[in-house]
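**Student:** Attaching a predicted model along with its sequence, questions to come.
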Amino acid sequence: MATEHSRTAARLMVSPAVILLFLWMIVPLGMTIYFSFLRYNLLMPGMESWAGFDNYYYFITQPAFKSALVNTLLLVAGVLLITVFGGIALALLLDQPFRGQGIVRVMVIAPFFVMPTVSALVWKNMFMNPVNGIFAHISKSLGFQPFDFLSHAPLASIILIVAWSWLPFATLILLTALQSLDREQMEAAEMDGANWLNRFIYLTLPHLTRSITVVILIQTIFLLSVFAEILVTTNGGPGTASTNLPFLVYAQSLLNFDVGGGSAGGIIAVILANIVAVFLMRMIGKNLES
Amino acid sequence: MGQISLSAVTKSFGDVNVIPPLDLQINDGEFVVFVGPSGCGKSTLLRLIAGLEDISSGKILIDGKDATDAAPAERGLAMVFQSYALYPHMSVRKNIAFPLKMAKLSQAEQDRKVENAARILNLSNYLDRRPGQLSGGQRQRVAIGRAIVREPAAFLFDEPLSNLDAALRVTMRQEISELHQTLKTTMVYVTHDQVEAMTMADKIVVLNAGRIEQVGSPLELYRSPRNLFVAGFIGSPKMNFITGAEAKKHNCDTLGVRPEHVEVQADGPWTGVVGLAEHLGSDTFLKVNVPGVGDLTVRVSGEMNLHHGDQVTLGPQSGKLYRFDANGMAL
Amino acid sequence: MSRKSTPARQAVVTVAAWTVGFLIFFPILWIFILSFKTEGDAIRTPLGVLTSGWTFESYHEVQERSNYLLHFWNSVVLSVGSTILALVIAIPAAWAMAFVPGKRTKDLLMWMLSTKMMPAVGVLVPMYLLFRDFGLLDTRIGLVVVLTLINLPIVIWMLYTYFKEIPGEILEAARMDGANLRSEILYILTPMAVPGIASTLLLNIILAWNEAFWTLQLTTSNAAPLTQFIASYSSPEGLFYAKLSAASTMAIAPILILGWFSQKQLVRGLTFGAVK
């Protein structure tokens, strides 16, 4: 498959995608970098001036930054933890034969199709609302004081909402992987006297490694930029208790109109994502090659 | 017409030289078989002729015209792949018609040629099926059908029978031979199976590590192999090679004798013990350990009442000994 | 498998699976139920909700208050448009990478995927300004372009993994049969890859339908898809449970139904070819 003809053709065929993605990466990113060195506020057009690293300095030293950074990482880690462990458990359960497998599977997948704004609003109002939410009704009927989730545990609540959206994804991928597990291998292990736990640790888990990698990779990409759920539920608050990096940048640039500061924040978010990306790429590079 | 000539053709993948300079002439109407162990470069050579790979240097002429830089489609050759490479989403009819459609033939013309090819290949009843609904042999015939409708200058076959079971392989082998006799078109056929090479070829090209070891008709190669490699590759079971003192007696480095040329002789030079006896009825294969000579494989016609542990005395038929020098070349 | 499926064990599994499935699905079921209640009934205790009467009132009110059909149509145009555009760009690129791999193909793929790693906020400001200056704010065309670019790496990656499974010999056969590149891709590769292309298409329509960063930032009303339509219920209308439920049901129903119907193709698509 490799004549000069086909190689030339291949270069031609791949170039639109490469050029577009390159432009997409380089033009706005270049502008962001440029803006990040300007004193630039949308409320004061025409007043742009060179700021050097001031924007970075102010962005990083503002108290909100540290909490945003921590919140971003907690959000990613929290959701990954819940979805990976929950996903494995659910996949193991759904892999067993039982009546109505098809229907249960359809129910489990459903949250994946729900757009973030809807899931956030529904959880916020119908479930976590301290007066009329279902959780409030339940605690009242048990004689407890209703808990105001979004005021007292805003980040944990958002983690719960996001995890609900992503649990189906993890479950589905892991379930598919489980179903491709070699049954004869399992039977051989059983003949060899391996009990359920041993079979799980030595056969099932290694078999799932690849899919767990995929789950972590794909989810991290999306989780690093969770935005709508925060915008709709807590608006980053109370204070900055549920502000993550994307939300902080959004607030700075489009709510405070501080383009320079927002851009500096954007670049910092890109750098953070790249650190995570390098880490992840190493991991999948190893796991996806085979 | 279907004359192909390669002159000083080489191929390297990166630093790896797969085909050292190679010359080969394939005449019109010939059935040429490239044979050799896996990795010998025979498939690469075929793909170079097809135009699916670029040659690194040298020249390919098809019917006297320089085709070195021509795209596969422009060379007027048809190829049958090892995996058949049928288009799974098309019916048999559409599969066979595809080259005609690409050549922009009229629908009526396409239909006529497809029907014709289907009749030759006994596929008329299967034209509206998908490849997935066919047996291995039928798929093979569809692949051949797709090749013949183009009326190519030459057919290229890349190990076409290796995915079939043994019985079917024999049948298809005969069908391809008959097809060659009917069409009289040049065929270039790649296989690692020397039986296919022997039974089908007008001309066998034995390849080893990209080099041509010998070119000749099947019986030429059988009767007078040029070197140890060809001697060992052509013929089944393999020729026995004897080295050491016994070879020295015959003034050579390696002495070769084919299993079918060893007889049980009361006064033969080699006496040994039967290690293994395979009784097929028509033939008996013996593996005999002869002290000082080594294991000899012997093929005896008909039934022979010898078993493990029996002692037997053997000797070569007169004039059927092959002698090779230290470089492995025939003397 | 040699699992001893005793009736007792099977009963436990069945109950457990149904319970978990029901709990995960419950929020969706609940908004569906609430959407048929009056505002007064919708904030009662769960038992009160279930025993109260049913009504279509909320759906009427939502449609009166905002133009659902416009936002629905915007969502369709954005998700389908961007996905098809991405496919048109991605099919040739994936062909090239899958069938004419070079030394740098793997790196190129990784690079493409890494553009997905760039957080949207990193380029929010310039995108916003570019959109403003080119008059693209709140237009469908602008958003289609952005969504195409966002999903392009995933589309290419998915198609690449599907194309990799198609034996190269078949394409070579087409080439021997006289097909040029266009015919090879159009008549052989694309039809053979239909299942893969379909699941790529579906997954990306879903991703684009639910995309809620750029759609919220770059649209306000005319081009606003359903994500924005729902976000406008954030507050204080959010306290009107029945209306919020009706609007939510209308926003997720189309893609939920599509998703359920195409479950099988999706599962393969979701795994990005990494899990067989």
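**Tutor:** Perfect, I can see it now.
**Student:** tell me, what residue is most central in the chain?
**Tutor:** I went with chain A, as the question did not name one. In chain A, the residue lying closest to the centroid (CA atoms, centre = their mean) is A:Leu223, at 1.4 Å.
**Student:** that's the wrong chain, I meant chain C
**Tutor:** Nearest to chain C centroid, counting by CA atoms, centre = their mean: C:Ile206, 1.0 Å.
**Student:** what's the pLDDT at that residue?
**Tutor:** Reported pLDDT at C:Ile206 in the predicted model: 88.
**Student:** what residues are up against it?
**Tutor:** By CB atoms under 8 Å, 6 or more residues apart in numbering or on different chains, the contact list for C:Ile206 reads A:Phe112, A:Phe113, C:Ser79, C:Ile255, C:Leu258, C:Gly259, C:Leu266. In short, each C-beta sits where N, CA and C put it, glycine included.
**Student:** Spatially nearest residue to the first one (excluding sequence neighbours)?
**Tutor:** Of all residues not flanking A:Phe112 in the chain, A:Pro168 sits nearest, at 4.1 Å (CB to CB, 6 or more residues apart in numbering or on different chains).
**Student:** Now stretch C:248-256 - C-alpha only, CSV.
**Tutor:** The C-alpha trace of stretch C:248-256 is given here as CSV (Å, rounded to 0.1, in the frame of the first residue of the first chain):
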residue,chain,number,x,y,z
SER,C,248,-36.3,19.5,30.2
THR,C,249,-38.3,16.6,28.8
MET,C,250,-38.6,18.3,25.5
ALA,C,251,-34.9,19.1,25.4
ILE,C,252,-33.6,15.6,26.1
ALA,C,253,-36.4,13.4,24.6
PRO,C,254,-35.2,13.6,21.0
ILE,C,255,-31.6,12.6,21.7
LEU,C,256,-32.6,10.1,24.4
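**Student:** Now do the helices in the stretch 151-290 of chain A.
**Tutor:** Counting by DSSP state H, counting those that start in this stretch, the stretch 151-290 of chain A has helices at residues A:154-179, A:183-191, A:196-199, A:205-223, A:228-233, A:245-250, A:259-289.
**Student:** angle of the longest one against helix A:205-223?
**Tutor:** In terms of direction (axes from the mean of the first three to the mean of the last three CA atoms, to 10 degrees), helix A:259-289 departs from helix A:205-223 by 160 degrees.
**Student:** Tell me which residues of helix A:259-289 come out buried.
**Tutor:** Going by neighbour count (16 or more other CB atoms under 10 Å in any protein chain shown), the buried part of helix A:259-289 is A:259-270, A:272-274, A:276-277, A:280-281, A:284, A:287-288.
**Student:** Same check on the second one?
**Tutor:** For helix A:183-191, the neighbour count (16+ other CB under 10 Å) marks A:Met186, A:Ala189, A:Glu190 as buried.
**Student:** ok, now the shortest one?
**Tutor:** Buried residues in helix A:196-199, defined by neighbour count with 16+ other CB under 10 Å: A:Arg199.
**Student:** which residues are in contact with that helix?
**Tutor:** With CB under 8 Å, 6+ apart as the criterion, helix A:196-199 contacts A:Met186, A:Ala189, A:Glu190.
**Student:** nearest to chain B, of the residues you listed?
**Tutor:** A:Met186 (30.5 Å; CB to the nearest CB).
**Student:** mind checking how far the closest one is from A:Asn198?
**Tutor:** Distance, A:Met186 to A:Asn198, using CB to CB, to the nearest Å: 11 Å.
**Student:** cool, B:Gly216 as well?
**Tutor:** From B:Gly216 to A:Asn198 the distance is 62 Å (CB to CB).
**Student:** pLDDT score assigned to the residue of the stretch 151-290 of chain A found nearest chain C?
**Tutor:** In the stretch 151-290 of chain A, the residue that lies nearest chain C is A:Ala228 (3.6 Å; CB to the nearest CB). At A:Ala228, the predicted lDDT confidence score is 86.
**Student:** swap in A:Asn235?
**Tutor:** The model reports A:Asn235 with a pLDDT of 81.
**Student:** where's the closest residue to B:Leu52 other than its chain neighbours relative to A:Phe59, distance?
**Tutor:** Distance criterion CB to CB, 6+ apart; nearest residue to B:Leu52, sequence neighbours excluded, is C:Glu172 at 5.3 Å. The gap separating C:Glu172 from A:Phe59 is 56 Å, by CB to CB.
**Student:** Just want to know which of the two has more residues nearby.
**Tutor:** Legend: neighbour count by other CB atoms under 10 Å in any protein chain shown for C:Glu172 and A:Phe59, higher for A:Phe59 (26 against 23).
**Student:** need the contact list for that one.
**Tutor:** Contact analysis of A:Phe59 by CB under 8 Å, 6+ apart lists A:Phe65, A:Gln252, A:Gly261, A:Ala264, A:Gly265, A:Ile268.
**Student:** OK, contacts around the residue of chain A found nearest chain B?
**Tutor:** Of all residues in chain A, A:Thr3 sits closest to chain B, at 4.6 Å by CB to the nearest CB. Neighbour list for A:Thr3: B:Gly51, B:Leu52, B:Glu53, B:Asp54, B:Ala71 [criterion: CB under 8 Å, 6+ apart].
**Student:** Kindly report the same for A:Ala264.
**Tutor:** A:Ser36, A:Asn55, A:Tyr56, A:Tyr58, A:Phe59.
**Student:** What count of nearby residues applies to the first one?
**Tutor:** Neighbourhood size, A:Ser36 [other CB under 10 Å]: 25.
**Student:** For it, which residues are in contact?
**Tutor:** Counted by CB under 8 Å, 6+ apart, A:Ser36 has contacts A:Asn55, A:Tyr56, A:Gly260, A:Ser263, A:Ala264, A:Gly266, A:Ile267.
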